[in-house]
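[1] okay, sequence plus prediction incoming.
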Amino acid sequence: MRPFVVAALLAVPASLSAQSLFDEARSPADTTPGHGLLNLGFDHAGISFGNSPQWNGLRINFRDRGVQRINGINLTLWKAARDANRQAVIRGLAVGLVGPEGGELSGVNLGVVGAVAYRGMYGLNVGGLGLVSDGAIAGINLAGLGMVADGRITGINLAGLGVVADGGMTGLNAAGLGVVADGGMTGINLAGLGVVADGAVTGITAAGLGVVSNGRMRGLMVAGLGAVADGGISGVAVSGLGAVTEGRMDGLSVAGLGVVTDGGLRGVGVAGLGVVSDGDIVGAAFSGLGVVADGNLTGLAVGGAGVVVDGRIRGLVATVGEIRGVHQVTGLAAAGYRIRTRRALGVMVAGWIKTESATGLTVAGFNQIRGPQHGLAIGVFNDARELHGVQIGLLNRARNNKPPFRWVPIVNVHL
């Protein structure tokens, strides 16, 4: 179910190859402040031309190195010397022909290529190609290709290819290919291919191929192929192929092929082929092929070929094939082929009813009651081991009646 995950994970980092523009291969780290400064002001305030390590106001420099703290407007033409600005704190407006770079970037950070922060990036951050942070990214963040953070990404985050966080994500996250978090996601997450989280996903999530969570998914999930959660699904899940979870499924789940849960279904499951639960189904299940539960089924179930339950069925069940409730079928059940159960309670209509006991009304071509029948059986041939009611059919057999009333046409009674 997850080949698209690999594609998303590979495509996003590959698209961020522009980060190499921020690194100078084999060049030594240069942390020496520049010489030949022209400063118009006093006490590190005013207008500065050159590599001032500390400045408040307007600072214009060709290349930053060894910067400590800048408050105000910082304009640079080239990227910082390699590893030279790891401790820099730049607050205000930072604009670079290549891009701002520092330990902490706060305010408005604009880079034609991108922006790089070693501890965190906060505010309005725009990179023509990418935004990269060894810490968090928070605020309004826009990247032409990709956005990558070793920490958490928070706010409005838009990228042409991918948004990737080694922590979690909170807010609006959208990318042309993938939105990937090593933690949880909360908010609105949209991707052309896949949304993948190693934790829980809460909010509105949509992807062209798949939505995948290693935790629980809550809210609205829409996927072109599959919605997959290891920890359960709560809310509305809509998928072109399948909605699958190892936990419990609560709410409305709609899939072109299958709705599958290992933890039970509570709500409504709709699938083109099958609704399958390894636990109970409580609510409604509709399937073009079959509804299968390893526990009990309570509510409404419609399966094209069959409804098969390992426990008890209670409610309204219909199929053109077979209804099988291993222990008991209670309520209203209609099957084109057969109803098979140990106990039938209520109204049963089928081509063939096979049960160990029946209470209520059974209507079938062949009513095969291998134990006690309480109520009315209508069919072509009715056979009850112990009749305690009425049989109406072409031929009726009540094995507890004495001859000649054991085999009787039209109507047979044992009161």
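    Looks like it arrived, so ask away.

[2] which helix or strand contains R314?
    R314 is part of strand 312-319, with elements assigned from DSSP states H and E.

[3] state the mean pLDDT of that strand.
    On average, the pLDDT along strand 312-319 is 97.

[4] partner strands of it, parallel or antiparallel?
    Under the criterion DSSP bridges, strand 312-319 sits next to strand 297-303 (parallel), strand 322-398 (parallel) in its sheet.

[5] just name the most buried of those.
    Compared across the strands paired with strand 312-319, strand 297-303 shows the largest average neighbour count, a mean of 23 (mean count of other Cβ atoms under 10 Å). Yep, even glycine has a C-beta here, placed from its N, CA and C like the rest.

[6] pull the CA atoms of it into CSV?
    C-alpha atoms of strand 297-303 as CSV (Å, rounded to 0.1, in the frame of the first residue of the first chain):
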residue,chain,number,x,y,z
LEU,A,297,-22.3,-7.0,13.5
THR,A,298,-24.9,-4.6,14.9
GLY,A,299,-26.9,-2.3,12.6
LEU,A,300,-27.3,-2.3,8.8
ALA,A,301,-25.2,-4.4,6.4
VAL,A,302,-25.6,-4.8,2.7
GLY,A,303,-23.2,-7.0,0.7
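
[7] immediately after that strand, which helix or strand?
    strand 306-309.

[8] got the buried residues for that following strand?
    Neighbour-count burial for strand 306-309, counted by 16 or more other Cβ atoms under 10 Å, picks out G306, V307, V308, V309.

[9] what's the average pLDDT for it?
    For strand 306-309, the mean pLDDT works out to 96.

[10] over to stretch 75-85?
    If you average the pLDDT over stretch 75-85, you get 81.

[11] now do stretch 291-298
    The pLDDT scores in stretch 291-298 average 96.

[12] who are the packing partners of the helix or strand V212 falls within?
    Here V212, judged by DSSP H and E, is contained in strand 210-213. Contacts defined by 3 or more Cβ pairs under 8 Å, 6 or more residues apart in numbering; DSSP states H and E place strand 210-213 against helix 3-15, strand 194-197, strand 201-207, strand 217-223, strand 226-229.

[13] could you list the low-pLDDT ranges of the stretch 201-350 of the chain?
    Nowhere does the stretch 201-350 of the chain drop to pLDDT under 70.

[14] coming back round to it: of all the buried residues of strand 306-309, which comes closest to F381?
    Nearest to F381, judged by Cβ to Cβ, of the buried residues of strand 306-309 is G306 at 23.4 Å.

[15] for the closest residue to the closest one other than its chain neighbours, what are its contacts?
    Closest residue in space to G306, ignoring its immediate chain neighbours: G321 at 4.0 Å, by Cβ to Cβ, 6 or more residues apart in numbering. Counting by Cβ atoms under 8 Å, 6 or more residues apart in numbering, G321 touches G290, G303, G304, A305, G306, A335, G336, Y337, R338.

[16] now do G321 against V302, distance only.
    The spacing between G321 and V302, counted by Cβ to Cβ, to the nearest Å, is 11 Å.

[17] just confirm G167 is within a strand.
    No. Assessed with DSSP: H, G, I helix; E, B strand; the rest coil, G167 is coil; it does not lie in a strand.

[18] give me the neighbour count for the spatially closest residue to it that is not a sequence neighbour.
    Residue nearest to G167 in three dimensions, not counting chain neighbours: R152, with 3.9 Å by Cβ to Cβ, 6+ apart. Residues within reach of R152, counting by other Cβ atoms under 10 Å, total 20.

[19] residues touching R152, list them.
    For R152, the contacting residues are A136, I137, A138, A165, G167, G168, M169, T170, G183, by Cβ under 8 Å, 6+ apart.

[20] farthest pair within the residues you listed?
    Within the contacts of R152, A138 and G183 form the most distant pair, 14.6 Å apart (Cβ to Cβ).

[21] ok, back up a step: closest to V411 out of the buried residues of strand 306-309?
    For the buried residues of strand 306-309, the minimum distance to V411 (Cβ to Cβ) is 32.1 Å, reached by V307.

[22] which intervals of the stretch 51-200 of the chain have sub-threshold pLDDT?
    Residues of the stretch 51-200 of the chain that meet the criterion pLDDT under 70 lie in 83-84.

[23] strands along that one, start to end?
    Assignment of strands within the stretch 51-200 of the chain using DSSP state E, counting those that start in this stretch yields the ranges 54-61, 69-76, 89-96, 101-111, 114-127, 130-133, 136-143, 146-149, 153-159, 162-165, 169-175, 178-181, 185-191, 194-197.

[24] just the CA atoms of stretch 216-226, as PDB, please.
    Listed next in PDB are the C-alpha coordinates belonging to stretch 216-226 (Å, rounded to 0.1, in the frame of the first residue of the first chain):
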ATOM      1  CA  ARG A 216      -4.100   7.600  14.600                       C
ATOM      2  CA  MET A 217      -5.800   9.700  11.900                       C
ATOM      3  CA  ARG A 218      -8.500  12.100  13.000                       C
ATOM      4  CA  GLY A 219     -10.600  14.500  10.900                       C
ATOM      5  CA  LEU A 220     -11.100  14.500   7.100                       C
ATOM      6  CA  MET A 221      -8.800  12.300   5.000                       C
ATOM      7  CA  VAL A 222      -8.900  12.200   1.200                       C
ATOM      8  CA  ALA A 223      -6.500  10.100  -0.900                       C
ATOM      9  CA  GLY A 224      -6.400   9.200  -4.500                       C
ATOM     10  CA  LEU A 225      -5.200   5.700  -3.700                       C
ATOM     11  CA  GLY A 226      -5.000   4.800   0.000                       C
END
